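Novice: Fold the following.
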Amino acid sequence: MEPSRDDFVIAIRSAFLKKGTKQRFSLIFLLFFSIFLIILSKFNFTAINYLKIGINEIVYRTSFVASIPERYFDHSYRSIESHINFYKDYNLTKEELKKLKSEKYEVQYLVAENKKLKKVLDDIYYLSDSIVAKVLIDKQSPFLRSIIINKGSKNSIKKGMPVLSDNYLIGKVVEVNYLTSRVLLLSDLNSKIPVTLEPNSIQSILSGDGDVSGTIQYTKENVSINDKSIVYTSGSGGLLKPGIPIGKVIKNGNKYDVDFFIDFSQLRYVNIMFFSEEKN
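Specialist: Below is the predicted model:
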């Protein structure tokens, strides 16, 4: 006679109950076994210590082996993520490089065109070179703003040579010795140089205020100067090469001051510029 469906279900349930009993027994056995080992370890038995060490080794090794897949997937995920980010950065850098190359070619073209125009207009194009000098002494009296540098006539330094820091004009050579020279800074009261204010190409004279800035003087009447205009050398009189940046115009009541791009109190090294004229 075949067993009924109810008998089959009862048999399966009974099997699961037996399995659950075995699991509970295993957990209880492990619990008591652990308590037993802890108690015995208090008595410092050699065999128990070796057993404890062996169990620890098995647990540690098993944990290490069990964590390998997780660590592998985590490492793989981080590697893929890093590769994706690196690829994105590479594409951005590649685009920036293309843009910089394009701008470089444009600048080269503009320089070449500027050179051609200068030759057409006045047959003059400036060639420049520079020599680095160290600031030895910073003379800051109430009326004098100058520095002493460690280059002189031995290094072909001459009076009137412009002195720059980070491509910005800071003054000119006014005294030359064999091994040293004195540079009069733009902030000195005796400093006066022809400048151009951009935009609008306004011609003026920049004078030092004896402190840390300069003042715009001798502009034409009814000339409107924009606040934040940039001050460049004009090249008038052939004393300085035109187009060297100096500072920014700041309106101060009825006058216009110039905030220099360089802090003259922090000068350590400067560049003395050698300019020559290439004629057509």
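
Novice: List the contacts of Ile137.
Specialist: Ile147, Ile148 (Cβ atoms under 8 Å, 6 or more residues apart in numbering). For glycine as for every other residue, the C-beta is placed from the backbone atoms N, C-alpha and C.

Novice: could you point out which element follows whichever strand or helix holds it?
Specialist: Secondary structure assignment for Ile137, by DSSP states H and E: strand 124-140. Remark: after strand 124-140, the chain's next helix or strand is strand 145-149, criterion DSSP H and E.

Novice: what residues does the following helix or strand past that next one touch?
Specialist: Using DSSP H and E, the helix or strand that follows strand 145-149 towards the C-terminus is strand 162-165. With contact meaning Cβ under 8 Å, 6+ apart, strand 162-165 is reached by 130, 149, 169-173, 183, 233, 240-241, 244, 262, 267, 269-273, 275.

Novice: tilt between the helix or strand following strand 162-165 and strand 145-149?
Specialist: Of the helices and strands lying after strand 162-165 in sequence (DSSP H and E), the nearest is strand 168-176. Comparing the axes of strand 168-176 and strand 145-149 via axes from the mean of the first three to the mean of the last three Cα atoms, to 10 degrees yields an angle of 70 degrees.

Novice: And this protein, split by domain according to the record?
Specialist: As assigned by automatic domain parsing, the chain contains the domains 5-72, 124-279.

Novice: Show me the helices in this structure, by range?
Specialist: For the chain, applying DSSP state H gives helices covering 5-41, 46-122.

Novice: Can you flag the weakest of the domains of the chain by average pLDDT?
Specialist: Lowest mean pLDDT within those: domain 5-72, a mean of 63.

Novice: Tell me how many other residues crowd Ser98.
Specialist: Not Ser; residue 98 is Lys. Lys98: 10 surrounding residues under other Cβ atoms under 10 Å.

Novice: for Lys94, same thing?
Specialist: 10.

Novice: OK, contacts around it?
Specialist: With contacts defined as Cβ under 8 Å, 6+ apart, Lys94 has no neighbours.

Novice: Distance check, it against Ile80.
Specialist: Going from Lys94 to Ile80 by Cβ to Cβ, to the nearest Å gives 21 Å.

Novice: now swap in Leu185 and tell me
Specialist: Distance from Leu185 to Ile80, by Cβ to Cβ: 58 Å.

Novice: Please say which of these two ends up with more neighbours.
Specialist: Leu185 (24 against 10).

Novice: Beta-bridge partners for the more buried one, please?
Specialist: With DSSP bridges as the criterion, Leu185 is bridged to Gly171.

Novice: and it, how far is that from Val65?
Specialist: Taken as Cβ to Cβ, the span from Leu185 to Val65 is 73 Å.

Novice: quick one: contacts for the closest residue to Phe260 other than its chain neighbours?
Specialist: Of all residues not flanking Phe260 in the chain, Gly247 sits nearest, at 4.2 Å (Cβ to Cβ, 6 or more residues apart in numbering). Residues near Gly247 by Cβ under 8 Å, 6+ apart: Tyr168, Ser213, Gly214, Ile230, Val231, Val258, Asp259, Phe260, Phe261.
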